[in-house]
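> just coords:
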C-alpha cells in the first residue's frame, strides 16, 4: 500500500518537473548495512572507527520502523543515548534525500557531516525531518545518535535519490482550490486594560488573522473582568435566568474591539483562563451543579448571539467548552474522568437551545486519543455529538504537527463521528518546557528558551510557523489558532522586551499578506522544504512562499511552470538578520534561485506581476 501511494505521488511530481514518470517510480531506498550499536553514550560523543571497533555490537536494521528498546532499555535518560553506525552504498553520484523520524531526540550525520538534528513526535515517520545532500558513487558512513521517548523507542530512517532535481516545484497555471484562511487564527486580540497607552490596531490588522480565541485574555488584561465565566457570573448561587446577575460590559468591549478594530471572528472559550496559583486553586474548581453551570453558559451564548440582556447579535459560531481539563489541575482541579459528565451535560444543554452554532472542545493538552475516546463514548451514549474536538501542540517538529489532523480524522471516523470537525487552537514552536516555567528550570534552560537561536522568538520559531501553516493546507484540519497572546510577552508575544517586533510577528505578517494577495491556491510540492503557491483572483499576480526550516543548504532552486507569463519578479526574506526585506532573485528560464546568507532557517516570499 505504501509503495502504491509513493508511486502515485512520484508520478505526479514527474509530470510537474518534466521528467519521466517510470524513472521516478523505479527509485528505491538505499539499504543501511554492516550496522553496529553502542549503548549508554553521552550525546556529545564523537563517533569513530576505533570506538565502534572496541564497543560496537552488530545490529540488523531493515526498512520501515525500527524498535530500539533492546538497546535503549525501558527507562528514559535524556543525558544518554545509543549510537548506531552503518554503511550505505550509493550506486550513482547525485542528489539524495535523507529522511528520519523518532519518538524523541535524534541526530544523523553522513561522513561526519551532521545533516539532521531533530525533535521527535509519535508515531514517527521518515518525513518528520529531511535533508538533501550530493553524494558520490561508492560507500558512505552513516552515524546516528538516538534517545528513547516515554512510550517507546522507535525510529524511522530512509535514504533515496531525490524524485526531481530542483528543491521545490510549482505550477502557476494550475489552481487547486483556495488558500485556507480558517487555519490562520490566533489567541490574540487588542489589549483593553492599557488601550489609552498602547494601541496595536494597525499592527494586528496586518497579520490578517481569521479567528481569535478568547482563552487567557483575562490574564493579560489586568484588572478587567472579562471572558471567564467567574467574571461574567461571579455568584453561582444566584439565578442564571436573571440578566441582573451577569456582568457583560468589559467583555462586550473587548469582543467589539476584536471584531470591529481587529477584523477577526471570535472563537469563544467558555470556562476559565489557566490558573498558576500553586497548590490552591480558586477559578478552575469543578462546578458542583453541572446543570446550573450549563444554564449560566447558555446565558452567555444568548447574550452575544440572540441579543439577550441588552446584548448583541454577533456572528460567533464556535463555542468551546473548557480548556485543558487533562492538565496539571491548573485547568480542572480534579481527575479528568470527572470532567466527562460535565462536558456532556453542557454540550447537550447548549446544542438544544442553539442548534445552528458549533459547540465542542475540550482543548486537550495534546492529541491524546485515549482521553478523547471515553469523552466521545459518553457523548454517544447521551445521544449528542460535539461539532468539533480541539487540542494543543507545543513542539519543534513541523512535520509531526502537520500529520496530527490526519491521525485525528481517522480516529473520529472510526468512532462514528464523521461530521465532527478538527481544531488545533493552541500551537507554538517550543524546544523544551523546562525553560518556560522559570521557577522550575535552570538558568541555561531559561536562556535557551528566551534567548538565542532556539528561543521562542527566534528565526526557527518564525519559520516553523510558516512551515506548519503551509503543510496544513492539504490536511483535514478545519480550524487552527496559533498561541500568540499578550503583545509584549517575552515568551508568547509579538514584541521583545525592547518593544521590537519579533520573528513570530513577521512570520504571521508574511502569511497574512500571502492570504490577502494570493487567495487562489496553485499546485506545488517540495522535497525537504515547505512550499505554497497562489494567485490573485484576477490572475495578474502570483506568489510563492517557501519555508526552509533548519535547512543546511545555502541555495534553494524552485522550478516554476508558468513563470514566463510574469514580467516582474521580486522576493523578500525572513532570516536571522532580515525581517521580510527585499533580496535578489536569479531567474533562468522557469527556474528561480534563492540564496541564503548561511545555513539555517529562512523563509522567502517570491512575488510575481504580469
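Happy to help now that I have it. Please read all numbers here as calculations on a predicted model, not as lab measurements.

> wait, isn't residue 404 in contact with residue 395?
No - taking contacts as CB atoms under 8 Å, residue 404 lies outside contact range of residue 395: 10.2 Å. Bear in mind the C-beta positions are built from the backbone N, C-alpha and C, glycine included.

> neighbours of residue 139, how many?
Using other CB atoms under 10 Å, the number of residues around residue 139 comes to 12.

> what residues sit buried inside the helix or strand containing it?
Applying DSSP states H and E as the criterion places residue 139 in strand 138-146. Judged by neighbour count (16 or more other CB atoms under 10 Å), strand 138-146 contains these buried residues: 140-146.

> hmm, who's touching the biggest helix by length in the chain?
Across the chain, the longest stretch assigned as helix under DSSP state H is helix 398-415. With CB atoms under 8 Å, 6 or more residues apart in numbering as the test, helix 398-415 has contacts from 101, 120-122, 125, 127-130, 367, 369, 372-373, 376-377, 380, 389, 391, 393, 395, 418, 420, 422, 424, 427, 464, 467-468, 471-472, 475-477, 530, 549.

> one more time with 6 Å
By CB atoms under 6 Å, 6 or more residues apart in numbering, the surrounding residues in contact with helix 398-415 are 121, 127-128, 367, 369, 376, 393, 420, 422, 464, 467-468, 471, 475-477, 549.

> buried ones from those residues, can you make that a ChimeraX selection?
The buried residues among the contacts of helix 398-415 can be selected in ChimeraX (16+ other CB under 10 Å) with this line:
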select :121,127,128,367,369,376,393,420,422,464,467,468,471,475,477,549
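
> I'd like the average pLDDT over the strand holding residue 139.
Strand 138-146 shows a mean pLDDT of 95.

> could you do stretch 458-476 as well?
97.

> among the contacts of helix 398-415, which ones are in helices?
Those of the contacts of helix 398-415 lying in helices (DSSP H): 369, 376, 464, 467-468, 471.

> want to throw the residues you listed into a markdown table with distance to residue 202?
Shown next, in a markdown table, are the ones in helices among the contacts of helix 398-415 (distance: CB to CB, whole Å):
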| residue | distance to residue 202 |
| --- | --- |
| 369 | 42 |
| 376 | 43 |
| 464 | 26 |
| 467 | 27 |
| 468 | 26 |
| 471 | 29 |
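
> give me the contacts around the helix or strand following the strand holding residue 139.
For strand 138-146, the following helix or strand on the C-terminal side (DSSP H and E) is strand 154-161. Strand 154-161 has contacts (CB under 6 Å, 6+ apart) with 27, 29-30, 65-67, 88, 96-103, 124-126, 146.

> now the helices for the protein?
Under DSSP H, the chain gives helices at 2-17, 21-25, 49-55, 69-72, 201-207, 229-232, 249-256, 290-305, 339-353, 369-381, 398-415, 443-450, 459-471, 503-517.

> name the residues of the fifth one that are buried.
In other words, helix 201-207. Going by neighbour count (16+ other CB under 10 Å), the buried part of helix 201-207 is 204, 206-207.

> what do you get for the longest one?
If you call a residue buried by 16+ other CB under 10 Å, then helix 398-415 has these buried ones: 398-405, 408-409, 411-412, 415.

> and if you look at the last one?
Within helix 503-517, the residues that qualify as buried are 503-515, 517, counting by 16+ other CB under 10 Å.

> now do the same end-to-end measure for stretch 349-360.
12 Å (CA to CA, to the nearest Å).

> now do stretch 509-520: everything it contacts.
Against stretch 509-520 from outside (CB under 6 Å, 6+ apart): 175, 178-179, 181, 184, 206-208, 469, 534-535, 543, 545, 580, 605.

> so which of these wins on neighbours?
Counting neighbours by other CB under 10 Å, residue 469 leads the contacts of stretch 509-520 with 28 neighbours.

> can you tell which of the helices of the chain is closest to residue 311?
Minimum separation from residue 311 across these (CB to CB) falls at helix 290-305, 3.7 Å.

> can you give me the buried ones in the closest one?
Quick answer for helix 290-305 (16+ other CB under 10 Å): 290, 293-305.

> tell me where the model's unsure across the stretch 151-300 of the chain.
For the stretch 151-300 of the chain, applying pLDDT under 70 flags no range at all.

> can you give me the strands for it?
With strands called from DSSP state E, counting those that start in this stretch, the stretch 151-300 of the chain shows them at 154-161, 168-178, 185-186, 211-213, 265-270.

> deepest-packed of those strands, please.
Compared across these, strand 211-213 shows the largest average neighbour count, a mean of 26 (mean count of other CB atoms under 10 Å).

> elements contacting that one?
For strand 211-213, the packing partners by 3 or more CB pairs under 6 Å, 6 or more residues apart in numbering; DSSP states H and E come out as strand 265-270.

> the strand it packs on: how far from the chain's middle?
20 Å (CA atoms, centre = their mean, to the nearest Å).

> now do the end-to-end distance for stretch 231-242.
End-to-end distance of stretch 231-242 (CA to CA): 16 Å.

> same thing with stretch 349-362?
Distance across stretch 349-362, first residue to last, is 16 Å (CA to CA).

> which residues does it contact?
With contacts defined as CB under 6 Å, 6+ apart, stretch 349-362 is touched by 294, 298, 301, 317-322, 325, 343, 347, 386-390.

> do stretch 522-535 as well
13, 97, 130-132, 162, 167-172, 174-176, 179, 467, 470-471, 518, 520-521, 542-548.

> now swap in stretch 540-552 and tell me
131, 170, 172, 398, 463-464, 466-467, 470, 514, 518, 529-535, 599, 601-610.

> buried residues in stretch 551-563, which are they?
551-553, 556-563.

> surely residue 570 and residue 607 touch.
Yes - Residue 570 lies in contact with residue 607 (CB atoms under 6 Å); the separation is 5.1 Å.

> who's more crowded, these two?
Between residue 570 and residue 607, residue 607 has the larger neighbour count (other CB under 10 Å), namely 21 against 13.

> bridging residues for the more buried one?
Applying DSSP bridges to residue 607 gives these bridge partners: residue 543, residue 570.

> that one and residue 518, how far apart?
Using CB to CB, to the nearest Å, residue 607 is found at 9 Å from residue 518.

> can you check residue 203 too?
Applying CB to CB to residue 203 and residue 518 gives a distance of 22 Å.

> pretty sure residue 302 sits against residue 309.
No - using CB under 6 Å, residue 302 is not in contact with residue 309; the gap is 7.6 Å.

> for residue 224, what are its contacts?
192-193, 250.

> stretch 229-243: end-to-end distance?
Per CA to CA, stretch 229-243 runs 14 Å from first to last residue.

> now swap in stretch 86-94 and tell me
Terminal-residue distance, stretch 86-94 (CA to CA): 20 Å.

> and it, which residues are buried?
Residues of stretch 86-94 classed as buried by neighbour count (16+ other CB under 10 Å): 86, 88, 90.
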